[in-house]
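K.L.:
any chance you could fold what I've pasted below:
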Amino acid sequence: MKYLPLIFVLIFLSFGSCKSSDKSEEPSKKWYKGNLHTHSYWSDGDDYPEMIMDWYKSHDYDFVVLSDHNTLAVGEKWKLIPKSPSHEMGFEKYLDKYGDQVVYREDSAGRVEVKLKTLAEYAPMFEEEGEFLIIQSQELTESFEKKPLHMNVTNIQKLIPAEGGNSIPEILQNGLDRVKAQRDSTGVPMFLHINHPNFVWAITPEDMIELDGERFFEVYNGHPQVNNYGDSLRPSMEVLWDKVQAAYLEAGKPLLYGLAVDDAHNYHVFDQNSSNPGRGWVMVLSESLDPASLIEAMEKGDFYSTTGVTMNEIDFDGETLSVSVQPESGVSYSIQFFGTKKSNPGESGILLKELEGDRGSYTFEDDDMYVRAKIISSKPKENPYQIGDTETAWTQPVIHN
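P.N.:
Okay, here's the model as predicted:
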């Protein structure tokens, strides 16, 4: 990847406690760009794994997952190509690019079926040590009373089947518990994150507040149907984040971290009605480009989420949260600091401070429960989730030492 200047500062954060940064450790860490939610023909995406990996690698991503619904890319799977111009053109592009590596056949009606490559087959085509990594993932897909309950498991080692439950919190908790059990039994780092809570308005803040062990959720998802911004009756993802965050801290639970993801399904048509790659990603400050290091960093909060804004510095010394942006010519920036007061946890996510410019800081007051920063640029987002969106970034929340 093209590494950013070595003036970046790591947020040191571990399960509810913060400590000052050790500058001697910084040179060994690098920023890695990744997407943690993507689909292919293995479930309901509309392209082949190789074409998708090629897109992400050629767009300067360092790591990516294919998180298909209740499946891992193992065994034999044939895909009947839909009869539509975009899918048929996609097959021709695939055939032109990979030629003899493509295994396909025609049925009696002349329809084309393609044998999909497994992860073991396509990963060696793209992976390069320290340059590009593919992490095995699954979108654990459940439902309750017709409400979709989706959870991604990053670095999963064995498929976790849907098993249902008697309530939304019970199903989500079962997912968390089964991932923890697999992690404990294998010794392999992995984590679950809750996907797009507002998709079909399925998951409420109250559902998430009941959970134990929940650490990650999608504060931004690029799919056009996930209702990131809420509506007049239901909260946006940021409002949900702050409400759950305050409840977790009051209950002595760890901080909740927010991810930006693509949830890409569509790779042939790029428009506001399609779920396309390139809309949201995470930047992780890690010792190396391997699953264990990336997960360790993310569980410490050593990452930020973005739709295009690049950070120059995120520094928290236990008292003051400071951020600076890598500025672009002609682009202006607004930096907002949000938090919740200990004396009034019911009023969560209040704007504590706002300033214009490419750098700013906020010093904790005695009554502050936590603080997070949001950076909004004036630069329009290319192929946005919603018309009018500008590039934005979110830091992870921190608490006072």
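
K.L.:
quick one, what contacts His223?
P.N.:
Counting by CB atoms under 8 Å, 6 or more residues apart in numbering, His223 makes contact with His196, Phe199, Asp263, His265, Ser275, Tyr385. C-beta here means a position set from N, CA and C on the backbone, and glycine is covered the same way.

K.L.:
from Gly45, how far off is the fifth one?
P.N.:
In other words, Ser275. 9 Å (CB to CB, to the nearest Å).

K.L.:
what touches both of the two?
P.N.:
Here Ser275 and Gly45 share the contacting residues Ala264, His265, Asn266, scored by CB under 8 Å, 6+ apart.

K.L.:
which one of the residues you listed sits closest to Gly90?
P.N.:
Asn266 (10.4 Å; CB to CB).

K.L.:
tell me the predicted confidence for that closest one.
P.N.:
For Asn266, the pLDDT comes out at 98.

K.L.:
that one against Ser274, yeah?
P.N.:
Yes: using CB atoms under 8 Å, Asn266 is in contact with Ser274, at 3.9 Å.

K.L.:
nearest to Met125 among the contacts of His223?
P.N.:
His265 (21.9 Å).

K.L.:
can I assume Ala73 sits in a helix?
P.N.:
No: Ala73 is assigned coil when assessed by DSSP: H, G, I helix; E, B strand; the rest coil, not a helix.

K.L.:
now it, nearest residue through space, not along the chain?
P.N.:
In space, and not counting its chain neighbours, Ala73 is closest to Leu119: 4.2 Å by CB to CB, 6 or more residues apart in numbering.

K.L.:
cool, Gly34 as well?
P.N.:
Take Gly34 and drop its neighbours on the chain: the residue closest to it by CB to CB, 6+ apart is Phe63, 3.9 Å away.

K.L.:
Glu287 too?
P.N.:
With sequence-adjacent residues excluded and distances taken as CB to CB, 6+ apart, Glu287 is closest to Ser293, at 4.7 Å.

K.L.:
what's the neighbour count on that neighbour?
P.N.:
16 (other CB atoms under 10 Å).

K.L.:
what separates it from Phe303, distance-wise?
P.N.:
12 Å.

K.L.:
now do Pro197
P.N.:
20 Å.

K.L.:
same question, Ser232
P.N.:
Applying CB to CB, the value for Ser232 to Phe303 is 32 Å.

K.L.:
which element follows the helix or strand harbouring Ser305 toward the C-terminus?
P.N.:
According to DSSP states H and E, Ser305 maps onto strand 303-306. Per DSSP H and E, strand 303-306 leads on to strand 311-316 as the next helix or strand towards the C-terminus.

K.L.:
paired strands for that following strand, with orientation please.
P.N.:
strand 320-325 (antiparallel) (DSSP bridges).

K.L.:
ok so, going back, looking at Ser232 and Phe303, which has the bigger crowd around it?
P.N.:
Set side by side, Ser232 and Phe303 show more neighbours around Phe303, with 26 against 4, by other CB under 10 Å.

K.L.:
for the more buried one, which non-adjacent residue is spatially closest?
P.N.:
Using CB to CB, 6+ apart, the nearest residue to Phe303 is Val284, at 4.2 Å.

K.L.:
likewise Tyr362?
P.N.:
Phe337 (4.1 Å).

K.L.:
just the CA trace of the helix or strand hosting the one you found, in PDB.
P.N.:
Assigned by DSSP H and E, Phe337 falls within strand 333-341. Output of strand 333-341 as PDB, limited to C-alpha atoms (Å, rounded to 0.1, in the frame of the first residue of the first chain):
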ATOM      1  CA  TYR A 333     -13.200  20.500   7.200                       C
ATOM      2  CA  SER A 334     -15.500  20.600  10.200                       C
ATOM      3  CA  ILE A 335     -14.400  18.700  13.300                       C
ATOM      4  CA  GLN A 336     -17.000  17.700  15.800                       C
ATOM      5  CA  PHE A 337     -16.500  16.200  19.200                       C
ATOM      6  CA  PHE A 338     -19.400  14.200  20.700                       C
ATOM      7  CA  GLY A 339     -19.900  12.700  24.100                       C
ATOM      8  CA  THR A 340     -22.300  12.000  27.000                       C
ATOM      9  CA  LYS A 341     -22.300  13.600  30.400                       C
END
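
K.L.:
the chain should start at 25 in everything you say after this.
P.N.:
Happy to do that; since the first residue is 25 now, the last one works out to strand 357-365.

K.L.:
name the residues that touch whichever helix or strand comes after it?
P.N.:
Following strand 357-365 in sequence order, the next helix or strand is strand 374-380 (DSSP H and E). Applying CB under 8 Å, 6+ apart, the set of residues contacting strand 374-380 from outside is 356-365, 384, 386, 392, 395.

K.L.:
filter those residues down to just the buried residues.
P.N.:
Buried residues within those, counting neighbours by 16 or more other CB atoms under 10 Å: 357-365, 384, 386, 392, 395.

K.L.:
quick one: buried residues of the longest helix seen in the chain?
P.N.:
If you go by DSSP state H, the chain has its longest helix at helix 192-210. Buried residues in helix 192-210, counted by 16+ other CB under 10 Å: Ile192, Pro193, Ile195, Leu196, Gln197, Asn198, Gly199, Leu200, Arg202, Val203, Gln206, Arg207.
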